[in-house]
Structure formats: C-alpha cells, structure tokens
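[1] Curious how this folds, go ahead:
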Amino acid sequence: MNHDTKHLTGKETYLHLQINQSTQVILPMTETQEVVVIGINKLTPIPNMPAFVLGLLNQRSQVVWVIDLAAMFNFTPLNLEQPNCNIAIIRIGKKTLGLAVEEIKGIMQIQTESIQSPVGVVSSTLIPYLRGCLFKPPQALFLVLDPQGFLSGQLAENINN
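    Residues are numbered from 1 along each chain as shown. Here you go, the predicted model:
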C-alpha cells in the first residue's frame, strides 16, 4: 500500500470477516499475514485446551495456533462438520495466530476517525480484543479487532506455555 495515500485520505485497509450469522469483524491488513481455506482435518487438536482452541496448523513450515473466534467471543461456535475452514492468519510481534471464521468477505477501506469506542456497545468481555466499533448504515455493526489484545488474557495463558 502506498503510505502517502493513507496520510492524505485518513483511510486504512481492513480484512472483513464474518464470524457468525450476526457478527462481522474487521482486522487491520497491516497485521494480516494471509488467508487460507484448509480442510478441517489439517488441524491437529491439542488435548486439555479451551473449546475455542481448534488446534495447530502447519502452514509454510510454521506452526500456527488456530482459534474459533466466535467461540472465543462466547458466540455460537463454528460448524466443524463442514469439510473446510476459513482462517485469517495474523502476526502479532513474533507470534502468529489463526482466526477461524465462517466466511472471509474481502477487503474494506475505512476512515480511521469513523471507528468509535466499543464501551457500552458490546459485552465487556470483548473489549480487550477490540480497537473499537464501526457503524455502517443501515444496521451494520463491525467489531474492529485489536490483534495485540490476543496476546493477553485467557488465550495467551493457554498458547504461551
């Protein structure tokens, strides 16, 4: 991306993900490594993990923890009966994490100043994982993910050991 354009327009590029029927999230492209569709059987389940941790994926000689983002956010988990899984792989510092979602919707340009505080809009348990919310008429609400938030809390306790 041409960084000069970003400064002139105030827009940033985000990956648009559908995590369940009613919830959409957007993820900064600057922290998105790649998007893959893999067979669910390519994930190696790990015992004694929370239900939202789907397992490990070996992707390009790198081991990636894969989580069901909907389940982690206490929404209805993904349907694991489907043969394939949509995963957005994010890089947070030296760590990589796979976010399994219902659908990868594409890329969006967002005016950074249109992102609002999530406080009072969403469950307080989601706040550590969000930069904010974005409202798009007529009724769309997008949760703006903060990848740094995944390095703390319940998830970090399980995958950092």
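
[2] chain center to whatever helix or strand V64 lives in: distance?
    Using DSSP states H and E, the element containing V64 is strand 62-68. Distance of strand 62-68 from its chain centroid, counting by C-alpha atoms, centre = their mean, to the nearest Å, is 12 Å.

[3] repeat for stretch 145-155
    The chain centroid and the centroid of stretch 145-155 are separated by 10 Å under C-alpha atoms, centre = their mean.

[4] circling back to that earlier point, other SSEs contacting the strand holding V64?
    strand 53-59, strand 84-92, strand 95-101 (3 or more C-beta pairs under 8 Å, 6 or more residues apart in numbering; DSSP states H and E). For every residue, glycine as well, the C-beta is placed using N, CA and C.

[5] tell me the most buried of the ones you listed?
    Scoring these by mean neighbour count under mean count of other C-beta atoms under 10 Å gives strand 95-101 as the most buried, with a mean of 23.

[6] which residues sit against that strand?
    The contact list for strand 95-101 (C-beta atoms under 8 Å, 6 or more residues apart in numbering) reads 17-19, 25, 27, 33, 54, 57, 59, 62, 64-70, 78, 85-90, 147, 150-151, 159.

[7] List the buried residues of the strand holding V64.
    By neighbour count with 16 or more other C-beta atoms under 10 Å, strand 62-68 contains the buried residues V64, W65, V66, I67, D68.

[8] same question, stretch 130-141
    Buried-residue list, stretch 130-141, by 16+ other C-beta under 10 Å: L130, R131, G132, C133, L134.

[9] so of the residues you listed, which ones are in strands?
    L130, R131, G132, C133, L134 (DSSP state E).

[10] Pull the number of nearby residues for T23.
    20 (other C-beta atoms under 10 Å).

[11] Pull the number of nearby residues for the closest residue to it other than its chain neighbours.
    The spatial neighbour of T23 that comes closest, neighbours along the chain excluded (C-beta to C-beta, 6 or more residues apart in numbering), is F75 at 6.1 Å. Around F75 sit 17 other residues, with neighbours defined as other C-beta under 10 Å.

[12] hey, where'd the helices end up in the chain?
    Applying DSSP state H to the chain gives helices spanning 3-9, 69-72, 153-159.

[13] I'd like to know which of these has the weakest mean confidence.
    Comparing mean pLDDT across those, the lowest value falls on helix 3-9: a mean of 48.

[14] Export the ones in strands among the buried residues of stretch 130-141 to JSON lines and append columns for distance to V101 and pLDDT.
    Formatted as JSON lines, those follow (distance: C-beta to C-beta, whole Å; pLDDT from 0 to 100):
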{"residue": "L130", "distance to V101": "16", "pLDDT": "94"}
{"residue": "R131", "distance to V101": "18", "pLDDT": "93"}
{"residue": "G132", "distance to V101": "19", "pLDDT": "94"}
{"residue": "C133", "distance to V101": "18", "pLDDT": "95"}
{"residue": "L134", "distance to V101": "17", "pLDDT": "93"}
